[in-house]
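Peer 1: sequence first, then the predicted structure:
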2 protein chains.
Amino acid sequence: MALILDNIGKHVALTPAEEALFLSKLEIRHYKAKSLVLQAGEVCTHSYFVNSGLLRGFTINDHIVEHLMSFACAGWWIGDMYSLLSQQPGTLFIEVLEDAEVVLLSKTDQEELYTAIPKLERFFRILTENSLVANQERLMDNLSLTAEERFEKFCKRYPSLIQQVPQKQIASYIGVTPEFFSKMKSKLLRK
Amino acid sequence: MALILDNIGKHVALTPAEEALFLSKLEIRHYKAKSLVLQAGEVCTHSYFVNSGLLRGFTINDHIVEHLMSFACAGWWIGDMYSLLSQQPGTLFIEVLEDAEVVLLSKTDQEELYTAIPKLERFFRILTENSLVANQERLMDNLSLTAEERFEKFCKRYPSLIQQVPQKQIASYIGVTPEFFSKMKSKLLRK
DNA sequence: CGTCTATTTGAATGTACTCAAAAGCGGTGG
DNA sequence: CCACCGCTTTTGAGTACATTCAAATAGACG
């Protein structure tokens, strides 16, 4: 469990006793590639932290088109924030792209920990703030950049993912169809 | 200062002493319509809470096109989250659309309050979580809905703003040009 | 009343999508 | 080990949604 403690240690300093209490609330699960950690329609009851492997979070719209919200590599948190907060059925699918070891923290444990260890509330506050900033930037990129520019930015930010995931999923993250993405890519390579 | 205390009271319960401490950190400023509360290039040093009036937050891209990030009516918080967190020069302009009374909370005070009154850290965590959920939904809407559908959703969510702000700004929020927005609107009215 | 900005309208253009079909690639079973 | 199946990627033609540029009209404000 070194990874998750490192992750937290980047923002707050827990005492050994606090670390022990925190760890006691965690559950570890192993998922095979292509399995689903969470399905749309379910209520999201946990936050997920990726120890190893690779996950993706996506939604499916009315026209049966997938939209990729986020990837989650080792060291990243993922969950259906809307469903987790509201405890309403969610819209997010979380799928395993590569065999993964995932740490689960239940919503109730998480909220109890906020009170027991205020530093953890601080940690999740900071985590959420950073997500919000990243999300705002992505929204602005979608409003002001062309698909080509968004792709270039994606390559710079997540160079490892480009080899790792099927390109139709990068297309979906960028916000274009796989067909268009393919054409765009070959145009870029010809330069 | 009833509004801001109400706002906080929706999520956490402060004691009178805590309320007094919190209030002592706040500064009130009055802004005239068309003035700027914050400019791109500046470091954002405060969180802003709108007591009355109306603000907008927007960015300007390389092609001199404005993109509206958010409106802020009475009872809403606004700020350049990226700049506030990183203390780097920001990209957000915050402009006054209607004469406004604004409450300022400096970053340093805010962080001191997190420690002095953990319930305030909880409050801002919840605030940020809700912003994130709203932002994620807006991103998905931009990826999966047409401009017309986004406009209809905007009308349902912010009915009062439609009369209140120039429609070029609604166009910018939706993510289309004012010309296209005008055509789209007249097409909708013809139905 | 005049000026400045916002809105409307039109024509031409571009970016990205849809549909269809072919080619490539990877895993699985015989 | 290779043949086949399913899924991903590529390519092409036609189309749609939204943009750009230009000009006219309407509104707001001093």
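Peer 2: Arrived safely. None of these values were measured; they are calculated from a predicted model.

Peer 1: helices or strands up against the worst-scoring helix or strand of chain A on mean pLDDT?
Peer 2: When the helices and strands of chain A are compared on mean pLDDT, DSSP states H and E, helix A:159-164 comes out lowest with a mean of 90. In terms of contacts (3 or more CB pairs under 8 Å, 6 or more residues apart in numbering or on different chains; DSSP states H and E), helix A:159-164 is packed against helix A:147-157. Just so you know, the C-beta spots here come from the backbone N, C-alpha and C atoms, and that holds for glycine as well.

Peer 1: who in chain A is up against DNA strand C?
Peer 2: When proximity is defined as CB under 7 Å from any atom of the strand, chain A approaches DNA strand C at A:His63, A:Val65, A:Thr146, A:Ala147, A:Glu148, A:Gly175, A:Val176, A:Thr177, A:Glu179, A:Phe180, A:Met184.

Peer 1: return the closest of these with respect to B:Ile78.
Peer 2: When the residues of chain A next to DNA strand C are compared for distance to B:Ile78 (CB to CB), A:Gly175 wins out at 26.2 Å.

Peer 1: tell me the contacts of the closest residue to the closest one other than its chain neighbours?
Peer 2: Closest residue to A:Gly175 apart from its sequence neighbours, by CB to CB, 6 or more residues apart in numbering or on different chains: B:Leu143 at 4.7 Å. Listed by CB atoms under 8 Å, 6 or more residues apart in numbering or on different chains, the contact partners of B:Leu143 are A:His67, A:Asn142, A:Gly175.

Peer 1: just to revisit the earlier point, for the least confident helix or strand of chain A, C-alpha coordinates in PDB please.
Peer 2: In PDB, the C-alpha atoms belonging to helix A:159-164 read as follows (Å, rounded to 0.1, in the frame of the first residue of the first chain):
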ATOM      1  CA  PRO A 159       2.700  10.400 -24.000                       C
ATOM      2  CA  SER A 160       2.600   6.900 -22.500                       C
ATOM      3  CA  LEU A 161      -1.100   6.400 -23.200                       C
ATOM      4  CA  ILE A 162      -0.700   6.800 -26.900                       C
ATOM      5  CA  GLN A 163       0.900   3.400 -27.300                       C
ATOM      6  CA  GLN A 164      -1.100   1.900 -24.600                       C
END
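
Peer 1: which residues of chain A lie near chain B?
Peer 2: Applying CB under 8 Å from any CB of the partner chain, we find that chain A lies next to chain B at A:59, A:61-63, A:65, A:67, A:69, A:81-82, A:85, A:114, A:118, A:121-122, A:124-125, A:128-133, A:135-140, A:142-144, A:175.

Peer 1: buried subset of the residues you listed?
Peer 2: Buried residues within the residues of chain A next to chain B, counting neighbours by 16 or more other CB atoms under 10 Å in any protein chain shown: A:59, A:67, A:69, A:81-82, A:85, A:114, A:118, A:121-122, A:124-125, A:128-133, A:135-136, A:138-140, A:142-144, A:175.
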